[in-house]
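A.B. asks: Starting from these lines, generate the structure:
(chains A, B, C, D, E and F)
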Number of protein chains: 6
Amino acid sequence: MAKFEPSEAVLSGETADVYFARTVEILGKERLNPVATMEVFSSRVGIICGIEEVKALLAKVLPEANREVWALGEGETMDRKEVVLRITAPYQSYGLYETAICGILTHCSGWATAARECVDAAAGIPVTSFGARHVHPSVAGVMDYSAIIGGCQGCSSIAGARLGGVEPSGTMPHALIIVMGDTVKATLALDKHMPPGVPRVSLVDTFKDEAEESLLVAQALGDRLNSVRLDTPKERGQVTPDLVKEVRARLDLAGFNQVKIFVSGGVDVERIKQFLEAGAPVDGFGIGSYITGAKPIDFTADLHEIEGKPIAKRGRIPGITPNPRLKRVL
Amino acid sequence: MAKFEPSEAVLSGETADVYFARTVEILGKERLNPVATMEVFSSRVGIICGIEEVKALLAKVLPEANREVWALGEGETMDRKEVVLRITAPYQSYGLYETAICGILTHCSGWATAARECVDAAAGIPVTSFGARHVHPSVAGVMDYSAIIGGCQGCSSIAGARLGGVEPSGTMPHALIIVMGDTVKATLALDKHMPPGVPRVSLVDTFKDEAEESLLVAQALGDRLNSVRLDTPKERGQVTPDLVKEVRARLDLAGFNQVKIFVSGGVDVERIKQFLEAGAPVDGFGIGSYITGAKPIDFTADLHEIEGKPIAKRGRIPGITPNPRLKRVL
Amino acid sequence: MAKFEPSEAVLSGETADVYFARTVEILGKERLNPVATMEVFSSRVGIICGIEEVKALLAKVLPEANREVWALGEGETMDRKEVVLRITAPYQSYGLYETAICGILTHCSGWATAARECVDAAAGIPVTSFGARHVHPSVAGVMDYSAIIGGCQGCSSIAGARLGGVEPSGTMPHALIIVMGDTVKATLALDKHMPPGVPRVSLVDTFKDEAEESLLVAQALGDRLNSVRLDTPKERGQVTPDLVKEVRARLDLAGFNQVKIFVSGGVDVERIKQFLEAGAPVDGFGIGSYITGAKPIDFTADLHEIEGKPIAKRGRIPGITPNPRLKRVL
Amino acid sequence: MAKFEPSEAVLSGETADVYFARTVEILGKERLNPVATMEVFSSRVGIICGIEEVKALLAKVLPEANREVWALGEGETMDRKEVVLRITAPYQSYGLYETAICGILTHCSGWATAARECVDAAAGIPVTSFGARHVHPSVAGVMDYSAIIGGCQGCSSIAGARLGGVEPSGTMPHALIIVMGDTVKATLALDKHMPPGVPRVSLVDTFKDEAEESLLVAQALGDRLNSVRLDTPKERGQVTPDLVKEVRARLDLAGFNQVKIFVSGGVDVERIKQFLEAGAPVDGFGIGSYITGAKPIDFTADLHEIEGKPIAKRGRIPGITPNPRLKRVL
Amino acid sequence: MAKFEPSEAVLSGETADVYFARTVEILGKERLNPVATMEVFSSRVGIICGIEEVKALLAKVLPEANREVWALGEGETMDRKEVVLRITAPYQSYGLYETAICGILTHCSGWATAARECVDAAAGIPVTSFGARHVHPSVAGVMDYSAIIGGCQGCSSIAGARLGGVEPSGTMPHALIIVMGDTVKATLALDKHMPPGVPRVSLVDTFKDEAEESLLVAQALGDRLNSVRLDTPKERGQVTPDLVKEVRARLDLAGFNQVKIFVSGGVDVERIKQFLEAGAPVDGFGIGSYITGAKPIDFTADLHEIEGKPIAKRGRIPGITPNPRLKRVL
Amino acid sequence: MAKFEPSEAVLSGETADVYFARTVEILGKERLNPVATMEVFSSRVGIICGIEEVKALLAKVLPEANREVWALGEGETMDRKEVVLRITAPYQSYGLYETAICGILTHCSGWATAARECVDAAAGIPVTSFGARHVHPSVAGVMDYSAIIGGCQGCSSIAGARLGGVEPSGTMPHALIIVMGDTVKATLALDKHMPPGVPRVSLVDTFKDEAEESLLVAQALGDRLNSVRLDTPKERGQVTPDLVKEVRARLDLAGFNQVKIFVSGGVDVERIKQFLEAGAPVDGFGIGSYITGAKPIDFTADLHEIEGKPIAKRGRIPGITPNPRLKRVL
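C.D. replies: Residues are numbered from 1 along each chain as shown, chains lettered A, B, ... in the order given. As a prediction, this is how the structure comes out:
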């Protein structure tokens, strides 16, 4: 599975801090290329993500004959200050990529960790990553991939779904309803044109009261309606646990017990807990900026051995840091 | 200046939420392609960034004969809920790109705004973006570009510097010193091999006390030494205002008044203020995770007119939202 | 204007603390009935209310030939610990009523003070007291009267309106709409059966989205519609400033600029300020439990002179407490 | 036991919100009088009180042949949002009384709940309601009644005691002592003139130190002295646990072990706990404004069925809300 | 004025840190006795005190021919990190006394600074130091001296008064009253036996209510009574502003306008402000543990020059620290 | 063991509050010298210290034939308000010493209690009192003695060590290193001139990085080096747990496992806990201002019996306060 392919920009050092390019140049001119051991550790507790992408990069640049790479597994939990990656190889072969290695782990682990918090809070209710619109498109795919590593059941971006090995999921945007002028009409059009595999999910807060609109689309589609999605904007008080209960009760009263309720719109760990504590019958959560806006988890890389001899800068312990959880990956 | 070139992944809809792809497909089958006006507004106060990249995308996809795009200028301040972008064109030409448009603005504006806070706090002392190692390499360039839009004088990544139209800047990593085994030796090597245009900046906290090391490199390079960089790790108490004062005093006492002091390592707005309030003679700050870890600024896109008729979903005001600050860009 | 008529229960001492009844009995048996001066002071800053009712009681029980009563005026502001009432008369004539006098001032001043806070926050937008349902019916009238003294323009209870000298105001309850099954139908019935003086105000959150319902009743009644009342329950996120703006915009877009917007449902000083700060075009506020649930302002009564000689319990200053703001009222 | 008799003002609708009067009028003209089910629920956890008074009202107004009323029992605990009362009857027979029903429950439950908190904190030490002076005399009786429902052993108002079925209790006011000029003299006069059933309780903080005055009245009355009441004002530091201990010790040292100590003056739950934690030998607490100033507990009434068909406004679940704790009362 | 005489324990090094004794011994054996400059700086803002005592010590130990001492003046304000003392002399002559020098300044400046805060808060009302009972008797004198340097008008210890050049002041202890069994009797005995110069101040909270006791002693001594002292213990709620007002009013009412009111018992800056804000007519404050329990102000001593050459440990700036406020004192 | 000898200043009453001198004079003139019982109690929980010094004073001044003194033992824990000392003797024999008795206990108990907190936090790691420089030299000895009573294993002042029955301990001051110009040189000089019993402890933060300097002195002294002391100043970030770990690791790596690490510089309970929680291998802590700056624990003395008859001022319980923990000491 060659999921991650290092880009030309990374391989060329284009995305690196310039001083690594200079370092490699200086060492080359000094003819210094010792075997060096670099360790990378995490700044806080979380879920490690990005290891697969880093591995793909290292597999490409390290000399096969003279390399050893140890790492935690993708998606494992990691402790504060725990070493998650250890590379032993001639320094010139990988020195240029310190920036990229740290950056991949930093962004991906931040997203995966936030996703895991939502998944844990949801206690079994499926969580879908809906945040592609809140990150630069160049990382929309890896963000959604990281969310899936963190435990999300699905994601909305096509790129992320492919990296994560799932079908992309989503309902319909408000735009479709506004262009068609009516929620029922838009839902019927979706039902008509989409292949059977795509679940019929109707977004029910565009023009009318959510409970009213839920009943209207349920009456229009009957058994074919899979779910309604509640996405009430902040200007209208967001989706509340009581709204979910009421829509559930009104759907049931009208005999639509099979229609599920999917909740989105500013959902975060705190609100997931409120829905659960209030006993609101939610069938799925869509999470956006809680994951995309999560604080990245910074990683730090340090040299700990040069030609087998312990060394380190001030503030670090010279020599290999023992970590029995690491597995050899290259 | 064709700085920003939309990637194939964006143009193909690969990075989009899948429901936009479906929407465009449904509308196509329904033969609906009305001229629609979409407005994009910010969730909080900040510096708008990403407009140039969005413009490059729209220029490529909108029909030249039937389009109108209005926007704030790159780097301008924006208010909470202010409309920063308005697109009027046949909906099918741009509906697929709502995800990318919001994502570009969200990430870039978050970084630019955080950079601006540092620059404002630094009150004239140059600020350099050093955070490439804290973001995924796919966005290292746009992150550094955004920091420059926010007011940073330079950045460390080669990609960011090219987008921002500056020279990449940086000193040397701890790795160079550790590989060479000695700070003075590493600094002399840098001096020997780098072209004259690269400023001689020595990192002085690797093996010895910062003040001692500063004097040693100053004595070794003499007039050629441009600056020392203090980057004391947290384990050793980080760089303090008093350390800067002391290094300055000891350099001056030894006659090295021309050597500048550059400070990095966990620097944020709070600490910049502490340095300034304490009167520490800092000549430059390097900022990493304060910018890269800044909360993205979410943007929301809504349709407000269809074929010239006001419309909107619940929670929004139908019709064009007046904003005299917008300029026509396409 | 004999607005306040002391009830038999008060006059008989039925509502008094039993120890005052006993005190009057003991003093009678001891043949002690000195002229005594009692002062009543407030426990905190506020609006004095209840003075008129106390005056009506004292006018009935004090001997006309041997009495002197000084007081602040109904609705005046009072300071913490300020003396608001001073009675000089034979002690047996009024000793029994200390409980009632303090109680009237305590409850009424608490309500009036809370009302004033709302009125001040509303900065000119009319405020109506809607809290009769949150107090025991025996005090519904005086509560609404106190709210009017505090600055409310109207109130919903018939009893309160009569004491306050205004017309009772109100729209329609949800019950009418539910019994009739439809908001438009209920509004038309009200229009048909109520005399012309009663303003046509329609409650628009019962069955449909508030904005939708507003347009429906406006279309049904045309020029005769005076206002819509928004009363969204907490379960649906309460009325937000953005909802008011949106309903205003949609009404205006449809040409119903004359229809006013009245806001109720958990409104308090904090929320009034939020509406004003957000620039929401509210035409009237209905306040319930902020006024009715206001902390009563306790009053304390003390004897300060007996037969013209200064005396006081520990913790009080013997003799008359000077207060030039007092006016003689009996 | 016909304790509660609806007043004319309530029966006539005088104390109601005017819009209920109008609703009944409109429905009459429309000849609409469906059997409707109204449910009343509490806004927070507490002790339900006022049910007896509501029952007396409904017994008078509902048609005997066509009514069903279910309720919690007076003094029971109730949960947040729990339905405490359900009325099924022709709407016109009770629509006018929604204001009064909610108001009675609101005020009485607030008082009863606060009383219960004090009683719980006092852990067996008797608590007496002393707050008649802090409420309007029109509700002094029901306030004290509610306090007794909440667990108070007695109350000071004659009206409250009658409703609660107890003897009114109280000691003597400062006024008696001031008029008589001496605490011992006043206590002797009370002893002389009051029937034997009235306990001899002396208030001992008027002119002299509390400990000194306690000994003086104990020496004057000997075995006949039941208790001393400490009521030190805030200006003198209120009653402290240490003062109680000291008075107890000095009384015991002088052989007056039988004299009890009763504490009043700004006593609340917090201070009751402090007395108990400090081990102060208090024999009774008198509570005033903690009960009278308690936040009322708002109640909400909603129609849930019309002619047996589930219905409800937005934010409510249509149909009967199951609550097995309700008992049929009419 | 030879007020401060260094004790034998200090001169012998008995009170010093043992490592200074060792240092002097080592340097002696190494025959190293360079002229060294030591600077002493303060850890926070305050009032410098102890300089006179330090000067007396240095005058005794430094060689007259080869010494230079610069210092701030006793009682001056000092800034955080300000150099308050600079000694230049052969190191062996004073090295042993670093402990004593820092210790004297630390304790005395802490007390003087706290006293100054009280004096500033009292805004002209005289403040007396009453804290001798809260410090070890070996420093009772210097503590009271420091309080006087900080602005206190007097103190209670005989030793402190002599150092501060004032008469010791004080009233009478509770012990005198308890031994004599009566406040009036004790006050009359004091009046009888004390010389005329000692002001007649009576402590009026021992056996009876403060206001009552004040009147009793005023009646007993008439014009000879200078003041009453209120010292109500915490168990009785401490002295409150209202108590002072009441005692003043009762004394005035009885014609004793000349009797002053002196307040003590747990008085601190916060409470002084409360008395002043409440307008309580206090004529003097007695301060105990606010001064004695004040955090000492640590001082740090560092060598900055050896034989005229700048030097310093890490964390300090080598060479003389300029401070134009210093005056030469030896 | 005649450790504590009352000074002439204490015996003469020089350090007493002047009003006790006056009281004794008045009582003498009145020929009143009853046997009186005085009790002393603590204002808060802590470790009692100073009892031995008080006992030495009382042994000298109380008449042997007519005295009884009960007390807690030196170093025992005491409760808030617990009686720690009870004296029964003719009042004139000890009245003058109330000030000194309270003062001794106050200061000493404050220091001992703070020391105990450090010792408890250190959980077995030895703690040394290093604060002589932060107290007036007149109490440097008793402060260090109190710290030892509180559990410190040693102290730096010679006077304190003698009172506490231990050897004074300490390393070397920065001054020695600065005068000698080099840490290694200074350590070698100490090694050469000090007797074998003095442990070789080198202070390693003066001129170079702590880790570097540690290795240099270890290499110079070899097996003779007992410990290094880390005392990094605040200007350089203080000693951190990570620094200790790193120095330990670097010493071990170089084979100096026997060298201990001693930490000082602003160490308090909070920081001790941080070192322990972080697992930093500290071998000893030196505590300065946490002990010396500890809030003194005020003590209060009251007469409770005169000639065997219970008596007390207001706020106190007359008669002996039972305390079975007291032991007869005189």
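A.B. asks: all contacts plus neighbour counts: C-alpha atoms, from now on.
C.D. replies: Fine.
A.B. asks: Report pLDDT for the nearest residue to A:G50 once chain neighbours are set aside.
C.D. replies: Spatial nearest neighbour of A:G50, excluding adjacent residues (Cα to Cα, 6 or more residues apart in numbering or on different chains): A:L105 at 4.8 Å. We have a pLDDT of 98 for A:L105.
A.B. asks: Run a quick check on A:L105 versus A:F299, I expect a contact.
C.D. replies: Yes: A:L105 is in contact with A:F299 according to Cα atoms under 8 Å; the separation is 7.1 Å.
A.B. asks: ok, back up a step: state the distance from the residue nearest to A:G50 to chain E.
C.D. replies: Here A:L105 is placed at a distance of 37 Å from chain E (Cα to the nearest Cα, to the nearest Å).
A.B. asks: And A:E277, by the same measure?
C.D. replies: Distance from A:E277 to chain E, counting by Cα to the nearest Cα: 45 Å.
A.B. asks: distance of that residue from D:I51?
C.D. replies: The gap separating A:E277 from D:I51 is 31 Å, by Cα to Cα, to the nearest Å.
A.B. asks: Between these two, point out the one with more neighbours.
C.D. replies: D:I51 (22 against 10; other Cα atoms under 10 Å in any protein chain shown).
A.B. asks: host element of the residue nearest to the more buried one when sequence neighbours are not counted?
C.D. replies: Ranked by Cα to Cα, 6+ apart and with sequence neighbours excluded, the top spatial neighbour of D:I51 is D:E74, at 5.6 Å. Counting by DSSP states H and E, there is no helix or strand that carries D:E74.
A.B. asks: Near D:E74, how many residues? Count them for me, please.
C.D. replies: D:E74 has 17 neighbouring residues, counting by other Cα under 10 Å.
A.B. asks: In this structure it contacts D:E53, no?
C.D. replies: No: at 9.7 Å, D:E74 does not count as touching D:E53 under the criterion of Cα under 8 Å.
A.B. asks: tell me which element the spatially closest residue to A:G141 that is not a sequence neighbour falls in.
C.D. replies: Excluding the flanking residues, the one nearest A:G141 by Cα to Cα, 6+ apart is A:G160, at 3.8 Å. Assigned by DSSP H and E, A:G160 belongs to helix A:158-164.
A.B. asks: buried residues in that helix?
C.D. replies: Buried positions in helix A:158-164, judged by neighbour count with 16 or more other Cα atoms under 10 Å in any protein chain shown: A:158-164.
A.B. asks: Using a markdown table, lay out those residues together with distance to A:G293 and pLDDT.
C.D. replies: Output for the buried residues of helix A:158-164, formatted as a markdown table (distance: Cα to Cα, whole Å; pLDDT from 0 to 100):
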| residue | distance to A:G293 | pLDDT |
| --- | --- | --- |
| A:I158 | 20 | 96 |
| A:A159 | 19 | 96 |
| A:G160 | 17 | 97 |
| A:A161 | 20 | 96 |
| A:R162 | 22 | 96 |
| A:L163 | 21 | 96 |
| A:G164 | 20 | 96 |
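A.B. asks: Run through the bridge partners of A:V228.
C.D. replies: Beta-bridge pairing for A:V228 (DSSP bridges): A:S202, A:I261.
A.B. asks: which other helices and strands contact the helix or strand that the residue nearest to A:G50 is a member of?
C.D. replies: Assigned by DSSP H and E, A:L105 falls within helix A:98-122. Using 3 or more Cα pairs under 8 Å, 6 or more residues apart in numbering or on different chains; DSSP states H and E, the elements in contact with helix A:98-122 are strand A:46-47, helix A:51-61, helix A:140-149, helix A:269-277, helix A:289-292, strand A:299-306.
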